[in-house]
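> Provide a 3D model corresponding to the input given below.
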Amino acid sequence: MYSDDDFIQLSALQHFIFCRRQCALIHIEQVWVENLFTAEGRVMHEKAHEERFQESKGVRVERGVALCSKRLGLNGKADVVEFHRQGKDWLAFPVEYKRGKPKNDDCDMVQLCAQCLCLEEMLGACIPEGAIFYGKPRRRLPVMFDDELRRKTEDTVRQAHAFISAGITPKPEYMKKCESCSLMGICMPRSMEHSLSVDKYFKEALKEE
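Numbers count the residues shown, from 1 in each chain. Model prediction:
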């Protein structure tokens, strides 16, 4: 069990997998800058949260659902949680909204699985699957919460806790995905990498002397 002061945001897991320096800038240094991509994502999330409750054809829809796990030390919000009627019971089905397209890594699926783990703890229920709605193809990607994804999610939670608790921001490393990051102007991966290479040059030169 984590104390309230040690909780981290669900979004930190996605940031941690996508780029540890981005995670540190946002969740350790408390830096945030919006660009076109984050603005589009914010608008999509706001629209997803607009209507708080719907019910039709055996499906109840709750929006902007507050989530918490004391076991994992997580809190945040689910964009949408659908409750599908199964006999007398309602089965939770979390849905995360993303503005872009499916990524090459598992960061979005880990974030969604963490929402599942929070819901399971809160509801005392087992949740087998959910979905991610991507804005570019405008379709849902089903996500099964199997043992492998659950293990990866819990491992990521532990690593993210230790990383944020350590309070150390990693050095920059330029990659293609940096171009879409709203923090690129603050992170400066290209110029900072160049600066680091100059420092390395002088250190090597001093060794030779």
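> Give the rounded mean pLDDT of the longest strand anywhere in the chain.
Counting residues, the longest strand found in the chain (DSSP state E) is strand 74-86. With pLDDT averaged residue by residue, strand 74-86 scores 95.
> try stretch 160-168
For stretch 160-168, mean pLDDT is 97.
> Could you list the domains of this protein?
Partitioning the chain according to automatic domain parsing yields domains covering residues 4-170, 171-209.
> export these to TSV and tack on mean neighbour count?
C-beta coordinates here come from the backbone N, C-alpha and C atoms, glycine included. Output for the domains of the chain, formatted as TSV (neighbours: other C-beta atoms under 10 Å):
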stretch	mean neighbour count
domain 4-170	16
domain 171-209	12
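> Check the ones you listed for me: which has the lowest mean pLDDT.
Least confidently modelled of the domains of the chain is domain 171-209, at a mean of 70 by mean pLDDT.
> could you pull out the strands for this structure?
Per DSSP E, the chain has strands spanning 8-9, 53-56, 59-69, 74-86, 89-98, 129-134, 139-144. These are given in chain order.
> In TSV, list these along with distance to Arg151.
Supplementary listing: those in TSV, determined by distance: least, C-beta to C-beta, whole Å:
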stretch	distance to Arg151
strand 8-9	19
strand 53-56	34
strand 59-69	16
strand 74-86	16
strand 89-98	19
strand 129-134	17
strand 139-144	14
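> So Pro102 is in contact with Asp108, correct?
Yes. Between Pro102 and Asp108 there is a contact at 7.4 Å, judged by C-beta atoms under 8 Å.
> Quick check: neighbours shared by these two?
Residues touching both Pro102 and Asp108 comprise Ile132, with contact defined as C-beta atoms under 8 Å, 6 or more residues apart in numbering.
> I figured Val65 hits Lys77, correct?
Yes. At 6.4 Å, Val65 counts as touching Lys77 under the criterion of C-beta under 8 Å.
> Please name the residues that touch the residue nearest to Leu72 when sequence neighbours are not counted.
In this structure, Leu72 finds its nearest non-sequential neighbour in Val157, 5.0 Å apart by C-beta to C-beta, 6 or more residues apart in numbering. Counting by C-beta under 8 Å, 6+ apart, Val157 touches Leu13, Leu72, Gly73, Leu74, Ala114.
> Val157 and Val110, how far apart?
From Val157 over to Val110 the distance is 9 Å, taken as C-beta to C-beta, to the nearest Å.
> List the contacts of the residue lying closest to Pro94 once chain neighbours are set aside.
In space, not counting the residues next to it along the chain, Pro94 is nearest to Gly130; the distance is 4.1 Å by C-beta to C-beta, 6+ apart. With contact taken as C-beta under 8 Å, 6+ apart, Gly130 is in contact with Phe93, Pro94, Val95, Glu96, Leu112, Cys113, Gln115, Cys116, Pro142, Val143, Phe145.
> mind listing the helices for the protein?
11-18, 20-27, 36-49, 107-123, 147-166, 184-187, 189-208 (DSSP state H).
> Alpha carbons only: can I get the shortest one in CSV?
If I follow you right, that is helix 184-187. Output in CSV follows, covering the C-alpha atoms of helix 184-187 (Å, rounded to 0.1, in the frame of the first residue of the first chain):
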residue,chain,number,x,y,z
MET,A,184,11.1,19.4,-27.6
GLY,A,185,11.7,23.1,-27.2
ILE,A,186,12.5,22.7,-23.6
CYS,A,187,14.3,19.3,-23.8
